[in-house]
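Participant: no sequence for this one, just the structure:
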């Protein structure tokens, strides 16, 4: 008796994209908590191939462009005045703006994130803050964010994702101008300049 023929899947069959999300998977996505989704995503990316991580960040960039995540309507409301009426403190709006900036530079859109970070730096001009306090702490975090965004910018350039060289020059030029304005303002009232790391990152920048 001849052996039965067994159909085998070809390589082409296994790499076809679905073009949609499986119903059960979509149900999971719609109902899982944000912490569960983060854990699942991190585990998937950590155990997957490098091409999976690249596809993930590419999809993230597409989504962020669609939602115009780099734009913030205004810098008003990022900071407010503490109960003493003198010193500035951060608000929830600042947290929201930083979250958007981090999403951008984390997805490899460093230059887009600089627009938000520049606006935040500019919003500190004219403010006063205590040397030890919530404002000083958050400014140190922003300083670190700018350094990470600069690293994202370098990777964006190296990855060939910048078609117009005028874009990075303008973004970094605006940030440098805002940081300089902040430095002059802080010097006037005798405060401690909060953006040393960011300033050094820009000074070391080379196109």
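Facilitator: Thanks, I have the structure now. The model shown is predicted, which means the values in this text are computed figures rather than measured ones.

Participant: Am I right that residue 178 is in a strand?
Facilitator: No - assignment of residue 178 by DSSP: H, G, I helix; E, B strand; the rest coil gives helix, placing it outside any strand.

Participant: my guess is it meets residue 118, correct?
Facilitator: Yes - counting by CB atoms under 8 Å, residue 178 does reach residue 118; the two are 4.9 Å apart. Placement of C-beta: from N, CA and C, glycine included.

Participant: Helix or strand: which one has the residue nearest the centre of the chain?
Facilitator: The structure's the chain has its C-alpha centroid closest to residue 102; by CA atoms, centre = their mean the separation is 2.2 Å. Secondary structure assigned from DSSP states H and E places residue 102 in helix 92-106.

Participant: how far is whichever helix or strand comes after that helix from where the chain is centred?
Facilitator: Later in the chain than helix 92-106, the nearest helix or strand by DSSP H and E is helix 110-123. Helix 110-123 has its C-alpha centroid displaced from the chain centroid by 10 Å (CA atoms, centre = their mean, to the nearest Å).

Participant: Can you spell out which helices and strands pack onto the helix or strand following helix 110-123?
Facilitator: Per DSSP H and E, the first helix or strand lying C-terminal to helix 110-123 is helix 134-158. On a contact count with 3 or more CB pairs under 8 Å, 6 or more residues apart in numbering; DSSP states H and E, helix 134-158 meets strand 88-90, helix 92-106, helix 110-123, helix 166-189, helix 196-203.

Participant: Looking at the ones you listed, which is nearest to residue 42?
Facilitator: Ranking the helices and strands packed on helix 134-158 by their distance to residue 42 (criterion: CB to CB) puts helix 92-106 first, at 12.7 Å.

Participant: Show me what that closest one is in contact with.
Facilitator: 60, 64, 69-70, 72, 77-79, 110, 112-113, 116-117, 119-120, 138, 141-142, 145, 148-149, 152-153 (CB atoms under 8 Å, 6 or more residues apart in numbering).

Participant: Weed out the non-buried ones from those.
Facilitator: Buried by 16 or more other CB atoms under 10 Å: 60, 64, 69-70, 72, 78-79, 110, 112-113, 116-117, 119-120, 138, 142, 145, 148-149, 152-153, out of these.

Participant: mind putting the helices and strands packed on helix 134-158 in CSV, distance to residue 26 and mean pLDDT included?
Facilitator: Formatted as CSV, the helices and strands packed on helix 134-158 follow (distance: least, CB to CB, whole Å; pLDDT from 0 to 100):
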stretch, distance to residue 26, mean pLDDT
strand 88-90, 37, 94
helix 92-106, 22, 94
helix 110-123, 29, 94
helix 166-189, 36, 94
helix 196-203, 41, 93
